[in-house]
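Asker: Sequence first, predicted coordinates after that:
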Amino acid sequence: GFRLFHADIEKKLSDRKRLESELSMMIANESFEIWMQPILDSKTGKLFSLEVLSRWFHPVLGAIPPITFIALAESTRKIALFDRAVIRKASAALSQLRKNYPELKVCINIAAATLIEDDVCEYISAMLIEHALPKNVMLFEITETMLATDKSRLETNINCLRAIGVQFLIDDFGTGYSSLSRLSDLSLDYVKIDKEFLKSLNTGDNHICNTIIKLAHSLDMEVIAEGVETETQHQRLINLGCNYVQGFKFAKPMNEALLAEYLDTLTKKMLVKRVD
């Protein structure tokens, strides 16, 4: 094949090389930001958890999309180092937040390369101890594809982490590959419905969401729906028995300052509900 040269091509290649060279420094210096998006009880609106989302604001190139720098970290085999930096930074942030909101917990995405490392259980346990966090305040999101990765080491490390109180959820359920036997063998805790499946709820088609929710509940797993944007989706998810909801209808990902305002407002709202 062939392709006509364009200046944009050279710029993209140049930007990628620059990001590659600066990625290690970003990870080492933890110069990325931690943003968080609430996950709420679908019926009561009570805060269940905060999903940790990484943001990289490059001083020259501006905001780098997560899909770009996470893919870069994976392709350059730096994803395990990045995940550990996220866990460390999220643990520190949660420790501060729990001073005013002691029931808070966080949900963190973790890559297969990180989860199969020999000392990952010891590392996460050490982070919980270092930041004086209870062992049941951390959830890790894994993908369906990961269930087919190095079965023995994956099971060993998941079981080790679950033994100390860490919980797991499958992200974007239904978009990748997994077998029912693998779901059952690993005894995971939550399933997250991908936002693409929620679109059909607006037209009254409940079949896919209903099937996922029933399957998860039959395996003693609770369900989180992500990408909830409308009241119609919310109400239909409640009717189908979905346990938790996440999406722009309730709150967008927030930095530390906006999160503090949100938590204060939500706390006051919950107090009013209790009085009523």
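Answerer: Alright, I've got the coordinates.

Asker: Isn't residue 252 up against residue 35?
Answerer: No: between residue 252 and residue 35 no contact is recorded; they are 9.1 Å apart, counting by CB atoms under 8 Å. (Glycine included, C-beta is placed from N, CA and C.)

Asker: and those two? which has more neighbours close in?
Answerer: Using other CB atoms under 10 Å, the more surrounded residue of residue 252 and residue 35 is residue 35, with 19 against 12.

Asker: what sits against that one?
Answerer: Residue 35 makes contact with 52, 53, 54, 55, 253, 254, 255, according to CB atoms under 8 Å, 6 or more residues apart in numbering.

Asker: Just the residues you listed: which are in strands?
Answerer: 52, 53, 54, 55 (DSSP state E).

Asker: Test of understanding: give the bridge partners of the first one.
Answerer: Bridge pairing for residue 52 (DSSP bridges) gives the partners residue 36, residue 108.

Asker: how near is it to residue 128?
Answerer: Residue 52 sits 15 Å away from residue 128, going by CB to CB, to the nearest Å.

Asker: okay, the two: which has more neighbours?
Answerer: Each of residue 52 and residue 128 has its neighbours counted (other CB under 10 Å); residue 52 has more, 24 against 21.

Asker: Tell me if I'm right that the more buried one and residue 38 touch.
Answerer: No: at 11.6 Å, residue 52 and residue 38 do not qualify as touching, with contact defined as CB under 8 Å.

Asker: mind listing the strands for the stretch 151-276 of the chain?
Answerer: Remark: strands assigned in the stretch 151-276 of the chain by DSSP state E, counting those that start in this stretch are 167-173, 190-193, 222-226, 244-246.

Asker: Could you provide those strands in JSON lines, with additional columns for distance to residue 45 and mean pLDDT?
Answerer: Output for the strands of the stretch 151-276 of the chain, formatted as JSON lines (distance: least, CB to CB, whole Å; pLDDT from 0 to 100):
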{"stretch": "strand 167-173", "distance to residue 45": "20", "mean pLDDT": "85"}
{"stretch": "strand 190-193", "distance to residue 45": "18", "mean pLDDT": "92"}
{"stretch": "strand 222-226", "distance to residue 45": "14", "mean pLDDT": "96"}
{"stretch": "strand 244-246", "distance to residue 45": "9", "mean pLDDT": "97"}
